[in-house]
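Participant: just to be clear, the model below is a prediction. Sequence and coordinates:
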Protein chains: 2
Amino acid sequence: MPRLTAATAPLTRTVDVLDEFGATRHIAIPAERALTVFVDNRELVTLMTLGAAPELLVLGYLRNQRLVEHLTDIDSITVDWDVQAAAVKTRAGIEHFEQKTAKRIVTTGCGQGTMFGDLMGDLESICLPAVNEPTARISQSALYGLLNAMRVQESTYKSAGSVHGCALFRQDELLTFVEDVGRHNAIDTIAGWMWLHGVGGGDKIFYTTGRLTSEMVIKSAQMGVPIIVSRSGVTQMGHELAVQLKLALFGRAMNRHFICYSGFERFDSQPEPARS
Amino acid sequence: MPRLTAATAPLTRTVDVLDEFGATRHIAIPAERALTVFVDNRELVTLMTLGAAPELLVLGYLRNQRLVEHLTDIDSITVDWDVQAAAVKTRAGIEHFEQKTAKRIVTTGCGQGTMFGDLMGDLESICLPAVNEPTARISQSALYGLLNAMRVQESTYKSAGSVHGCALFRQDELLTFVEDVGRHNAIDTIAGWMWLHGVGGGDKIFYTTGRLTSEMVIKSAQMGVPIIVSRSGVTQMGHELAVQLKLALFGRAMNRHFICYSGFERFDSQPEPARS
């Protein structure tokens, strides 16, 4: 297991604002800080993050960018907020480091400079559980349970707004929850948590407050998760990928409302009574 | 003036979904397509975009990434959706292309691989109009006018959701409006429009549906715009930058509600009567 620090920093700060009534108020806004990642003393990337779980973020970033293959390749991740840096020490260096990072230049998608081109090429290697696998399905009541767990979850969003939340569920049981200023950071952090704890995705459900764009669907599928639930909607490419991968996508999901966009075969519908 | 194509593609598509009542519905979702940008036949980047104004997006991207200094350096931008490519032809090549694009690797922020490190370093070169300059201020009634113009604006968001909108205003007069799947693409497209038409930012107001993170504030300030209005909130670094630049930031702005986060000196408050 890699050694990780447990760096902490305030997640919100209070600022003075003026509202429409001409009144000065003190409100909380979410932190946003630069974290520059060094791998074996070489600068890799600067991530703008809330700072809730920086070590897991770096771990998941390395994983999702496919820079590191095995967890045991990483000796330690040391985050020091005083210098806004994360130092990653590997056991034996990263093979083809220049080549792997150079590739990012030409394939930067809408978020974070992901290796988008490669990810699309790797789609065929993604294998999700069969649609009739009971743990890779969800019923309407379990979906409601999941949404209720998110509703009661304490969060920076509730106190300060302007952050995205991601969570991993086993049916309606919340396993881990993370927030960040970018939805890509949040999903990378979840990926880091899964990797660190050896948690597989096949019987899990991924929840996000963010939109289901192509990259979110790909990242989730890469984590082996067959079901995604979002408070927001979906884009065309996110939808197409989900259909292709037989991944169940739920959007506009809040309280007892939702839209199932794809993967109907994984869903046990228990219809609400029709509106009168 | 560079020669630009006027490539078009459908902005939405209809998909079959299942709702909480067990009913199948046909709803629109926004398009999302890959646009790979080639500069003088060299692959630069792949942007995931709605596709509403791809030529202006590429123009603004080149501008905001500081890859091209003068509009006249660009001979043409040719977008062909059949091959999902934008071909940029320059008049005399781009100096230090490798060096400029290599820099992106280590400074990728939360969006689009922007040259964040450099942008921060360049803050001192940003000069916004004085706070008492009448055209660089806004009154509460003009702010309401602006919000009303956004409210009645036809949009892909209204028909399909899941896109970000950006607009440029002179007081409450809407000059241009664009939507994209990523808020960075939307602001880059506005930047492209301003650059193409030689429009300065000093007497303009920038509106976005997205959150005011550091990169959004920096990009707006780089365009010389002293006032930003958002339907969403602000992060700590976005706030700090705005304070430092004496930029007026309005968030949570919708109908007759808003919060002024910074740049109070640019704002003529006309308080609503207190709530009873």
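Facilitator: Cool, the structure landed. As the structure is a computational prediction, the values presented were derived from the model and not from experiment.
Participant: please count neighbours and contacts with C-alpha atoms only from this point.
Facilitator: Will do.
Participant: where does the stretch 51-200 of chain A dip in pLDDT?
Facilitator: Residues of the stretch 51-200 of chain A that meet the criterion pLDDT under 70 lie in A:99, A:101-122.
Participant: wait, residue A:171 sits on residue A:142?
Facilitator: Yes. Applying Cα atoms under 8 Å, one finds residue A:171 in contact with residue A:142, separated by 6.1 Å.
Participant: more crowded one of the two?
Facilitator: Using other Cα atoms under 10 Å in any protein chain shown, the more surrounded residue of residue A:171 and residue A:142 is residue A:171, with 22 against 16.
Participant: for that one, list the residues it contacts.
Facilitator: The neighbourhood of residue A:171, defined by Cα atoms under 8 Å, 6 or more residues apart in numbering or on different chains, consists of A:135, A:138, A:142-143, A:146, A:203-205.
Participant: against chain B, how distant is it?
Facilitator: For residue A:171, the distance to chain B under the criterion Cα to the nearest Cα, to the nearest Å works out to 18 Å.
Participant: check residue A:97 too.
Facilitator: Separation of residue A:97 from chain B (Cα to the nearest Cα) stands at 12 Å.
Participant: OK, contacts around that residue?
Facilitator: residue A:67.
Participant: got phi/psi on it?
Facilitator: Phi and psi for residue A:97, reported as degrees, to the nearest 10, are phi -60, psi -50.
Participant: show me the domain layout of chain A.
Facilitator: For chain A, the domain assignment from automatic domain parsing gives the residue ranges A:3-120, A:134-268.
Participant: among the contacts of residue A:171, which lie within strands?
Facilitator: For those, membership in strands holds for A:138, A:205, with DSSP state E as the criterion.
Participant: so which of the contacts of residue A:171 wins on neighbours?
Facilitator: Each of those was scored by neighbour count (other Cα under 10 Å); the top score is that of residue A:205, with 29 neighbours.
Participant: check what pLDDT that one gets.
Facilitator: According to the predicted model, the pLDDT of residue A:205 comes to 98.
Participant: tell me the buried residues in stretch A:68-76?
Facilitator: Going by neighbour count (16 or more other Cα atoms under 10 Å in any protein chain shown), the buried part of stretch A:68-76 is A:68, A:71, A:73-74, A:76.
Participant: about what we covered before: and the domains of chain A, which is most packed in?
Facilitator: domain A:134-268 (a mean of 21; mean count of other Cα atoms under 10 Å in any protein chain shown).
Participant: save the buried residues of stretch A:68-76 as CSV, and put in distance to residue A:193 and secondary structure too.
Facilitator: Converted to CSV, the buried residues of stretch A:68-76 look like this (distance: Cα to Cα, whole Å; DSSP: H, G, I helix; E, B strand; the rest coil):
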residue, distance to residue A:193, secondary structure
A:68, 15, coil
A:71, 11, helix
A:73, 16, helix
A:74, 14, strand
A:76, 15, strand
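Participant: in JSON lines: the residues you listed, plus distance to residue A:264.
Facilitator: Putting the buried residues of stretch A:68-76 into JSON lines (distance: Cα to Cα, whole Å) gives the following:
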{"residue": "A:68", "distance to residue A:264": "35"}
{"residue": "A:71", "distance to residue A:264": "35"}
{"residue": "A:73", "distance to residue A:264": "39"}
{"residue": "A:74", "distance to residue A:264": "40"}
{"residue": "A:76", "distance to residue A:264": "42"}
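Participant: out of these, which are close to chain B?
Facilitator: With the criterion set as Cα under 8 Å from any Cα of the partner chain, no member of the buried residues of stretch A:68-76 is near chain B.
Participant: just the closest of these to chain B, please.
Facilitator: Chain B lies nearest to residue A:68 out of those, by Cα to the nearest Cα, at 17.2 Å.
Participant: in chain A, where's the longest helix?
Facilitator: Counting residues, the longest helix in chain A under DSSP state H turns out to be helix A:183-197.
Participant: helices or strands up against it?
Facilitator: Counting contacts by 3 or more Cα pairs under 8 Å, 6 or more residues apart in numbering or on different chains; DSSP states H and E, the secondary-structure elements packed against helix A:183-197 are helix A:54-64, strand A:164-170, strand A:173-180, helix A:214-222.
Participant: can you put these in CSV and add distance to residue B:17?
Facilitator: As requested, the helices and strands packed on helix A:183-197 are arranged in CSV below (distance: least, Cα to Cα, whole Å):
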stretch, distance to residue B:17
helix A:54-64, 30
strand A:164-170, 23
strand A:173-180, 26
helix A:214-222, 17
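Participant: leaving aside the residues next to it on the chain, what's closest to residue A:224?
Facilitator: For residue A:224, the nearest residue in space outside its immediate sequence neighbours is residue A:201; the separation is 4.6 Å by Cα to Cα, 6 or more residues apart in numbering or on different chains.
Participant: residue A:143 against residue A:172, yeah?
Facilitator: Yes. Look at residue A:143 against residue A:172 with Cα under 8 Å: they come within range, at 6.7 Å.
Participant: give me the element residue A:88 is part of.
Facilitator: Secondary structure assigned from DSSP states H and E places residue A:88 in strand A:85-90.
Participant: got it, and residue A:37?
Facilitator: Remark: residue A:37 resides in strand A:33-39, with elements defined by DSSP H and E.
Participant: bridged to the nearest residue to residue A:24 once chain neighbours are set aside, which residues?
Facilitator: The spatially closest residue to residue A:24, leaving aside those adjacent along the chain, is residue A:18, at 4.6 Å (Cα to Cα, 6+ apart). Residues found in beta-bridge contact with residue A:18 (criterion: DSSP bridges) are residue A:24, residue B:260.
Participant: tell me the contacts of residue A:18?
Facilitator: In this structure, residue A:18 makes contact with A:24-25, B:259-261, B:264, judged by Cα under 8 Å, 6+ apart.
Participant: swap in residue A:273?
Facilitator: Residues in contact with residue A:273 (Cα under 8 Å, 6+ apart) are residue B:21.
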